[in-house]
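Asks: My questions are about this predicted structure, shown below with the sequence.
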Amino acid sequence: MDEVDLAATSEEDDQLLAVSTAIDKLEGEHPQIAELVKLRYFVGLEVKEAALALNVSRATANRWWTFARTWIYSELRSS
């Protein structure tokens, strides 16, 4: 691997760690919403699939997803 590849990998690792830390913090405040994020972000489920897995309506899952994206974005910007 050359220096450019190492820099890109390090940056990606830092970003993934920051997202994971933000999700952990979200879990402390909103555990169900954090679970939705994990299902979407790490497992790759669509909103309707995640809603089914969490036994909530699709509308609720959409609201949670909107909230979570905003919350995580805010966390990442403040760190």
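Replies: Yes, it's here. Numbers count the residues shown, from 1 in each chain.
Asks: Could you use CA atoms for every contact and neighbour count after this?
Replies: Will do.
Asks: so how far is stretch 31-40 off the chain centroid?
Replies: Between the centre of stretch 31-40 and the centre of its chain there are 7 Å (Cα atoms, centre = their mean, to the nearest Å).
Asks: Need the residues that contact that stretch.
Replies: For stretch 31-40, the external contacting residues (Cα atoms under 8 Å, 6 or more residues apart in numbering) are 23-24, 26-27, 45-47, 50-51, 54, 61, 64-65, 68.
Asks: Show me which residues of it are buried.
Replies: Within stretch 31-40, the residues that qualify as buried by neighbour count (16 or more other Cα atoms under 10 Å) are 33-40.
Asks: same thing with stretch 21-30?
Replies: Using 16+ other Cα under 10 Å as the burial criterion, the residues of stretch 21-30 that qualify are 22-23, 26-27.
Asks: which intervals of this structure have sub-threshold pLDDT?
Replies: Counting by pLDDT under 70, the low-confidence segments of the chain come to 1-9.
Asks: Mind checking what secondary structure the residue nearest to the spatial centre of the chain has?
Replies: Centroid check for the chain by Cα atoms, centre = their mean gives residue 37 as the closest residue, at 4.5 Å. The three-state assignment at residue 37 reads helix, by DSSP: H, G, I helix; E, B strand; the rest coil.
Asks: go on, residue 45?
Replies: Following three-state DSSP, residue 45 is assigned to coil.
Asks: OK, contacts around it?
Replies: Taking Cα under 8 Å, 6+ apart as the contact definition, residue 45 lies against residue 39.
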